[in-house]
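Q: 3D model of this:
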Amino acid sequence: MGTMSLNEIILKKLNIIEVEGGNVIHLVKSSYENFHGFGEAYFSIINPKFIKGWKKHGRMFMNLSVIKGKVKFVFCLDDQKKFREEIIDSNDYTNISVPPNVWFAFEGISSSPSIILNISNIEHDVNEVERLELSDIKYSWD
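A: You can find the predicted model right below:
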């Protein structure tokens with residue numbers, strides 16, 4: 001992949017099909033440029049004011065969407081010189097595509113638990129993920 005950039009994190013507004021009784025929202029399709037295959041789909045629940053992270057996947061491409069609540073995502077590279085912040089509300093209908101080798105953490109900023117859906121290209125593998133303590137990356141969560 002060469003030199004990594006935080007610009008490689010792609011935000012995509014999701015297609016909404018208005019249907020009587022409730023809309024259909026496409027999170028990811030195999031025809032999307034941010035689709036790198038299917039490995040697994042899972043939900044991550046984040047409690048209010050709780051921060052999960054830091055994590056970096058070596059091979060996993062993630063397609064993240066907040067399906068309930070509001071979440072602040074923070075991304076950085078190994079050099080920790082720049083941070084990218086994205087606040088996603090479940091009403092935004094947005095997919096965040098995160099390539100491998102990007103550190104990330106996220107905070108629940110709703111008054112009730114938020115739910116994130118991840119559709120990834122590989123199944124979870126403890127050998128391809130690195131973790132750090134929140135204090136290991138110098139980011140201010142205030």
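Q: quick one: Ala41 from Ile87, how far?
A: Distance, Ala41 to Ile87, by Cβ to Cβ, to the nearest Å: 23 Å. Where C-beta positions appear, they are placed from N, C-alpha and C, glycine not excepted.
Q: quick one: the helices in this protein?
A: Along the chain, no segments are classed as helices by DSSP state H.
Q: could you list every residue that touches the residue located most distally from the centre of it?
A: In the chain, the residue that sits farthest from the middle, by Cα atoms, centre = their mean, is Glu20; the gap is 29.9 Å. By Cβ atoms under 8 Å, 6 or more residues apart in numbering, the contact set of Glu20 is empty.
Q: Who is Ile96 paired with across the strands?
A: Leu11, Leu64 (DSSP bridges).
Q: Double-check it against Val71; I have them as touching.
A: No: contact status for Ile96 versus Val71: not in contact, 9.7 Å apart, counting by Cβ atoms under 8 Å.
Q: Next, the contact list for the residue nearest the centre of the chain, please.
A: The chain has Leu64 as the residue nearest its centroid, 4.0 Å off, counting by Cα atoms, centre = their mean. When contacts are counted by Cβ under 8 Å, 6+ apart, Leu64 touches 73, 88, 95-98, 116-118.
Q: what comes up buried for stretch 79-97?
A: Buried residues in stretch 79-97, counted by 16 or more other Cβ atoms under 10 Å: 86, 88, 90, 93-97.
Q: repeat for stretch 8-17
A: Judged by neighbour count (16+ other Cβ under 10 Å), stretch 8-17 contains these buried residues: 8-9, 12.
Q: and it, how far from the chain's centre?
A: How far stretch 8-17 lies from its chain's middle: 12 Å, per Cα atoms, centre = their mean, to the nearest Å.
Q: Same question for stretch 94-101.
A: Distance of stretch 94-101 from its chain centroid, counting by Cα atoms, centre = their mean, is 6 Å.
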